[in-house]
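Chemist: Build me a model from this:
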Amino acid sequence: MHSVSINLEATQFLAGWRPEVRTIFLPTLSEARVGESAAVRVGIFGQAIRATIFGKVSSVRRVGRPALPPGVEIHLDPASIPAVGFLAMAARGEPVTFRERAARYAVERRVTVEHASIPFETSTLNVSEGGCALRWTGALPLVGDVVQLELGSGLFSPTARAVVCWAQPGEEQEQAVGLRVIDTGRAGKAWRGLVAEIARAGGHAA
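Modeler: Numbers count the residues shown, from 1 in each chain. I've put the predicted structure just below:
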């Protein structure tokens, strides 16, 4: 997955956003190929709001001119649509009212994570239907990196893909990473089942 951070002028962001077809043009990643996954941390100049959006590259403009810079059009994952909507509101100068997020539970649960083909054990700080925050040891991943979460210990236990939304540096015991689960099939269902199990067990809301 390609990962990059970019700041845009408000007019530039709004010109590239096509909500009717769920795509956005971004003047970056012109070396990417159609069909590749991308995660982009987007900011609007003059606004405090930033958001990580992800999806698949649907077209590439490798050579441009001042009015049409090189870049990529990204077909957004449905989970990124609310984030793009918030960015669009900020770009238009509208007050951004955050929606109530899904229930989040503070719980330490041992999980096995694989990043850059290296598996390691850690523990969650909190979980929700959309993802989790967990402790991280060693070098922090980049925003947009994709990791694997093992959801069980059996041979055929599902493994869910998740994208890194934020990374918090600090001392070894203070480092943390926020993940958004991006699988929607069996693995996504297994993740939601895990969160439901924690809720039934009396998990404390975070």
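
Chemist: Let's test this: mean pLDDT of stretch 130-145, rounded?
Modeler: On average, the pLDDT along stretch 130-145 is 88.

Chemist: Find the helix or strand that Lys189 is a member of.
Modeler: helix 186-200 (DSSP states H and E).

Chemist: does Gly178 count as helix, strand or coil?
Modeler: Classification of Gly178 using DSSP: H, G, I helix; E, B strand; the rest coil returns strand.

Chemist: Give me the domain ranges for this structure.
Modeler: 2-91, 104-205 (automatic domain parsing).

Chemist: pretty sure Ile24 is touching Ile53, no?
Modeler: Yes. Using C-beta atoms under 8 Å, Ile24 makes contact with Ile53 at a distance of 7.4 Å. In short, each C-beta sits where N, CA and C put it, glycine included.

Chemist: This structure: helices as residue ranges?
Modeler: With helices called from DSSP state H, the chain shows them at 10-16, 81-91, 186-200.

Chemist: tell me the mean pLDDT for the longest one?
Modeler: For helix 186-200, the mean pLDDT works out to 88.

Chemist: The residue lying closest to Ala39 once chain neighbours are set aside: what's it in contact with?
Modeler: Beyond its immediate neighbours in the sequence, the residue positioned closest to Ala39 (C-beta to C-beta, 6 or more residues apart in numbering) is Gly144, lying 3.0 Å away. Taking C-beta atoms under 8 Å, 6 or more residues apart in numbering as the contact definition, Gly144 lies against Met1, His2, Ser3, Val4, Ala38, Ala39, Val40, Arg41, Thr52, Phe54, Val163, Val164.

Chemist: need the helices of the chain in JSON lines with mean neighbour count, can you?
Modeler: Rendered in JSON lines, the data for these read as follows (neighbours: other C-beta atoms under 10 Å):
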{"stretch": "helix 10-16", "mean neighbour count": "16"}
{"stretch": "helix 81-91", "mean neighbour count": "18"}
{"stretch": "helix 186-200", "mean neighbour count": "16"}
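
Chemist: that older thread, tell me how far the residue nearest to Ala39 lies from Val84.
Modeler: 15 Å (C-beta to C-beta, to the nearest Å).

Chemist: How about Gly64?
Modeler: 22 Å.

Chemist: and if you look at Gly131?
Modeler: 18 Å.

Chemist: now Ala48
Modeler: From Ala48 to Val84 the distance is 17 Å (C-beta to C-beta).
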